[in-house]
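Novice: coordinates only, sequence not included:
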């Protein structure tokens, strides 16, 4: 069986429901339920609008015309003007292992540089091992404490990368 081919494009308003379903479907897979997680973030329901703001970008991945994941960057809430956050990078199980996550990461970090950010921060949690391997392969290094004021207090692992 040959690997699925995928396309990556900027998010559009028509993608909001699909991305909300993906995020809310994937997070419980890793125990990310309840307060302190993006699953309860109201932004999840209007991703296109949220990432249409200045210095923000979000990309969706499609396989056979269906949105199967995405990720992006935006200014770090409560952080300094030079730091962005890699945000809401989630993929359905069938989209994992295709190389799409690495490509979304590359596009997102490229946009962050274009926007003038000097650092990229991200939060994750224990158990998201494949994601952490991708972050580390992409040049992120663990840090000891969270940055900014993301509202995602349920996360227990933090990374930072110089751009």
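Specialist: Thanks, I have it. Everything numeric in this text was worked out from a predicted model, so none of it was measured.

Novice: hey, where'd the strands end up in this structure?
Specialist: For the chain, applying DSSP state E gives strands covering 7-10, 57-63, 66-75, 83-91, 119-124, 141-143, 157-162.

Novice: OK, contacts around the residue nearest the centre of the chain?
Specialist: Geometric centre of the chain, nearest residue: residue 89, 2.4 Å, by C-alpha atoms, centre = their mean. Going by C-beta atoms under 8 Å, 6 or more residues apart in numbering, residue 89 touches 69, 70, 71, 72, 101, 104, 105, 108, 122, 131. Every C-beta, even on glycine, is put in place using the N, C-alpha and C of the backbone.

Novice: okay, the strands of the chain in JSON lines with mean pLDDT next?
Specialist: What follows is the strands of the chain, written out as JSON lines (pLDDT from 0 to 100):
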{"stretch": "strand 7-10", "mean pLDDT": "97"}
{"stretch": "strand 57-63", "mean pLDDT": "97"}
{"stretch": "strand 66-75", "mean pLDDT": "97"}
{"stretch": "strand 83-91", "mean pLDDT": "94"}
{"stretch": "strand 119-124", "mean pLDDT": "96"}
{"stretch": "strand 141-143", "mean pLDDT": "97"}
{"stretch": "strand 157-162", "mean pLDDT": "96"}
